[in-house]
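In: Would you be able to build a 3D model of this:
(2 chains)
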Amino acid sequence: MPSHVENVLATATVGYDTFEEIFTRYYPLIYRLAYRCTGQHDEADDITQEVFLRFYRVPPRANSASEQRAWLCRVATNLSLNALRSRQRRSQHEEAAGQETSRQDSIPSVHNDPELHFLAEEQADLVRSVLAELPERQQSYLLLRSIGLSYTEIAQTTGVATASVGALLARAEREFRRKYHERITTKQA
Amino acid sequence: MNESPQNKLEEHCLDSGLLASLRDGELTAEELAGVQAHLAACPGCATEARSLQHTGHEIYALFSTLDAAPVTDSQTSAALARLQTQLKEEEHHHTASRTPIPMRRKGASVASGKRTYGMRWLIAAVAALLLIALVAPNAQVLAQQFLSLFRVQQFQAVSINPEQVNRNLLTDLRDFGTVQVTGNNSSTYPSNPTQAQVEQYTHIHVLLPTQLPAGVGQDAHFAIFGGEQATFVFNASTTRAYMHQIGDGNVTLPANLDGATYHISVAPGALITYMNNCQSNTMQPKTLFSHATTCQAGTNFAMAEVPSPVIESSGQASIGDLRAFLLSLPHLPTPIHNLALHVDETTGTVPVPMPPQANSQNVTVNGASGILLTDPDLHIGAVLWQTQGMVYMITADVDNGTQLMVAANSLR
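Out: Below is the predicted model of the structure:
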């Protein structure tokens, strides 16, 4: 006899889609968002599981696929940025203790060249580190835009007016760029 | 003279928001025509547009280097299977013991990972405590407390003796460390803003009820909640002194708790009141409800719409460590003990303190779960819910919640 969970998974609908359909459709997007922050497969996978667990337990009210996606992205962004902050703190502790900072699992395309691989990892660490220095809202705008959300979806996800998204993004981008180049200059000096 | 949006765009220099929208293909056809016409005639804006384009390319190219290999169908299927297994295990355990199930699959990183996710809701609980102290220093008006709870998935009413609630929770927190509260500079906000001004300053889309309870005036009065920050730092020596004072001096205080810090930043939000025959006053957040309850000419009706706050923690110890320690104190003040106890990490439920005489009920507002509270002694009711990254609260002088729910469901 199927369990309650099996029954729910088989029949629960959000709009016209089953939970399984929603999971399958959005898993790659949510995983990608989480991985951009964590750089660790296990951690990104855990965050993604957590996002869908919450979706399953308390399904959000969503009148459209866009709202559904925005809800998933919002939860994923919050969890991922929390993980990013933890990661930065860990790195700082490890660096202070003279330990090797944990690295990203894999960088595609340069995977077979150790030197390029190292440089790519270093670059990714720097991007995450600069991102972590920004105010949380600016982190969210950049992260969400970087995975391809429209202004309307960014507005739905973050609770700001759609008309404000362009200006908020532009400000976040300027801030990110300024800090990034500061860090590059410091490293080169 | 024709003042169409297109003409305006042609005449005035373009802000970065429009230029970003141009770059990202987010302009309407009319806006696009206006922007392009302006750029053709304005070298300064054209340079700025190119600069923004360059910045965007540079940044998003950097972000794309953070990706792993693309997710495969088999990876997605495997993840779904794990989730289904976890839900079944959870159902089994929940039925057997009603014990919260760790939200992790088995593996080497279980312990550290579990701590990470548990933290979010414990942080929210600490935030709730801080914000209760922040927004309702006297804790006299039930409705004021609701304003202080943010960023939750669900609310759970917890009955707390009013005498204990009246013992200022800010004082309670200072028994464990330092609390620093700062407000944003609100002098730049207009004193009697219009809805458009509120939206401009807060960057939120204000929703208004299309149906109001009987006796409520039709005129909406707006005010801006300027946003505030609070920081709580756990201090071991302060806490030890307090433990001795309450008779818990024999309880072990984990050394790594010292310095645990929680920073809560609340973004600006909107406060809206509807009144009859009352003068429109400049209302600051801390006086919103006290003002409303002194206006006798009609049924008072007030709303708060506030984005979820930013909550950050730092320090050597996890929130789980802090929570475990707090709950280990036999003589911890009941309000803090109950609030910490009723946080449900697995469902994201955060407790809402309420006096015993108040009635609580779980409700659904436009599909979002919330709670409806009515207090026959105070003749006040409130409905509180969270959706789309915003916390909404409506309170009115009503004894039953039906009219409140109609109003809440009519927000547009």
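In: Please make it C-alpha for all contacts and neighbour counts, starting now.
Out: Noted.
In: which residues of chain A fall in strands?
Out: Secondary structure of chain A, counting by DSSP state E: strands at A:13-14, A:17-18.
In: The residue of the stretch 301-412 of chain B found nearest chain A: how many residues sit nearby?
Out: Closest residue of the stretch 301-412 of chain B to chain A, CA to the nearest CA: B:G367 (4.7 Å). One way to gauge burial is a neighbour count; for B:G367, by other CA atoms under 10 Å in any protein chain shown, it gives 14.
In: pull the longest helix from chain A.
Out: In chain A, with assignment by DSSP state H, the single longest helix is helix A:65-96.
In: Does that helix reach chain B?
Out: Yes - judged by CA under 8 Å from any CA of the partner chain, helix A:65-96 comes into contact with chain B at A:W71, A:R74, A:L79, A:A83.
In: what's the nearest residue to the last one if we skip its chain neighbours?
Out: By the measure of CA to CA, 6 or more residues apart in numbering or on different chains, the closest residue to A:A83 outside its immediate chain neighbours is A:T38, 6.5 Å from it.
In: any idea of the pLDDT on that neighbour?
Out: Note for A:T38: predicted pLDDT of 89.
In: Check B:N256 too.
Out: 79.
In: what number of residues lie near it?
Out: Neighbour tally, B:N256, other CA under 10 Å: 14.
In: go on, B:T47?
Out: What B:T47 shows, counting by other CA under 10 Å, is a neighbour count of 12.
In: now it: how far from chain A?
Out: For B:T47, the distance to chain A equals 15 Å [CA to the nearest CA, to the nearest Å].
In: can you tell me how far that residue sits from B:T28?
Out: 22 Å (CA to CA, to the nearest Å).
In: Output the contacting helices and strands for the longest helix of chain A.
Out: helix A:19-38, helix A:41-57, helix A:114-133, helix A:136-146, helix A:151-158 (3 or more CA pairs under 8 Å, 6 or more residues apart in numbering or on different chains; DSSP states H and E).
In: make it 6 Å
Out: For helix A:65-96, the elements it packs on are helix A:19-38, helix A:151-158, judged by 3 or more CA pairs under 6 Å, 6 or more residues apart in numbering or on different chains; DSSP states H and E.
In: what would these look like in a markdown table with mean neighbour count?
Out: Output for the helices and strands packed on helix A:65-96, formatted as a markdown table (neighbours: other CA atoms under 10 Å in any protein chain shown):
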| stretch | mean neighbour count |
| --- | --- |
| helix A:19-38 | 22 |
| helix A:151-158 | 23 |
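In: mind checking which of those helices is nearest A:Y180?
Out: helix A:19-38 (16.2 Å; CA to CA).
In: what distance separates that closest one from the middle of the whole chain?
Out: Between the centre of helix A:19-38 and the centre of its chain there are 10 Å (CA atoms, centre = their mean, to the nearest Å).
In: ok and it relative to helix A:41-57, angle-wise?
Out: 140 degrees (axes from the mean of the first three to the mean of the last three CA atoms, to 10 degrees).
In: Contact residues of chain B facing chain A?
Out: B:16-17, B:20-21, B:60, B:66-67, B:69, B:71, B:88, B:203-205, B:367-368, B:389 (CA under 6 Å from any CA of the partner chain).
In: Mind jotting down where the strands sit in the stretch 301-412 of chain B?
Out: For the stretch 301-412 of chain B, the strands defined by DSSP state E, counting those that start in this stretch occupy B:301-307, B:310-314, B:349-354, B:359-365, B:368-375, B:380-387, B:390-396.
In: Rounded mean pLDDT for the second one, please.
Out: Per-residue pLDDT values over strand B:310-314 give a mean of 57.
In: Then the fifth one?
Out: In this model, strand B:368-375 has an average pLDDT of 78.
In: Relative to it, what are the paired strands and their orientations?
Out: strand B:359-365 (antiparallel), strand B:380-387 (antiparallel) (DSSP bridges).
In: Okay, buried residues for the first one please.
Out: So the one you mean is strand B:359-365. B:N359, B:S360, B:N362, B:V363, B:T364, B:V365 (16 or more other CA atoms under 10 Å in any protein chain shown).
In: Just name the closest of those residues to B:V216, please.
Out: Closest to B:V216, out of all of these and judged by CA to CA, is B:V365, at 20.5 Å.
In: give me the beta-bridge partners of the closest one?
Out: B:A368.
In: that older thread, I'd like the residues of helix A:65-96 next to chain B laid out as JSON lines, including pLDDT.
Out: JSON lines is the format used below for the residues of helix A:65-96 next to chain B (pLDDT from 0 to 100):
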{"residue": "A:W71", "pLDDT": "87"}
{"residue": "A:R74", "pLDDT": "90"}
{"residue": "A:L79", "pLDDT": "91"}
{"residue": "A:A83", "pLDDT": "88"}
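In: ok, of the residues you listed, which one's closest to B:P193?
Out: A:R74 (29.7 Å).
In: Tell me which residue of chain B lies closest to chain A.
Out: Closest point on chain B to chain A, by CA to the nearest CA, is B:G17, at 3.5 Å.
In: check contacts around the residue in chain A positioned nearest to chain B.
Out: Among all residues of chain A, A:A167 sits closest to chain B, at 3.5 Å; criterion: CA to the nearest CA. A:A167 makes contact with B:S16, B:G17, according to CA atoms under 6 Å, 6 or more residues apart in numbering or on different chains.
In: Tell me the spacing between it and B:L19.
Out: Counting by CA to CA - A:A167 and B:L19 are separated by 8 Å.
In: Work out the gap between stretch A:181-189 and the centre of the chain.
Out: 26 Å.
In: ok, and what's touching stretch B:49-59?
Out: Here stretch B:49-59 makes contact (CA under 6 Å, 6+ apart) with B:L19.
In: buried ones in it?
Out: Counting neighbours by 16+ other CA under 10 Å, stretch B:49-59 gives B:A49, B:L52, B:Q53, B:T55, B:G56, B:I59 as buried.
In: CA atoms of that stretch as PDB?
Out: Only the C-alpha atoms of stretch B:49-59 are listed here, as PDB (Å, rounded to 0.1, in the frame of the first residue of the first chain):
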ATOM      1  CA  ALA B  49      25.400  53.200 -21.700                       C
ATOM      2  CA  ARG B  50      28.600  51.600 -23.100                       C
ATOM      3  CA  SER B  51      30.200  51.600 -19.700                       C
ATOM      4  CA  LEU B  52      27.300  49.800 -18.200                       C
ATOM      5  CA  GLN B  53      27.300  47.300 -21.000                       C
ATOM      6  CA  HIS B  54      31.000  46.700 -20.500                       C
ATOM      7  CA  THR B  55      30.500  46.300 -16.700                       C
ATOM      8  CA  GLY B  56      27.700  43.800 -17.200                       C
ATOM      9  CA  HIS B  57      29.700  41.700 -19.600                       C
ATOM     10  CA  GLU B  58      32.700  41.700 -17.300                       C
ATOM     11  CA  ILE B  59      30.700  40.800 -14.200                       C
END
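In: before we move on, the earlier item: would you reformat the buried residues of strand B:359-365 as JSON lines and include pLDDT?
Out: Listed next are the buried residues of strand B:359-365 as JSON lines, based on pLDDT from 0 to 100:
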{"residue": "B:N359", "pLDDT": "76"}
{"residue": "B:S360", "pLDDT": "78"}
{"residue": "B:N362", "pLDDT": "83"}
{"residue": "B:V363", "pLDDT": "88"}
{"residue": "B:T364", "pLDDT": "89"}
{"residue": "B:V365", "pLDDT": "91"}
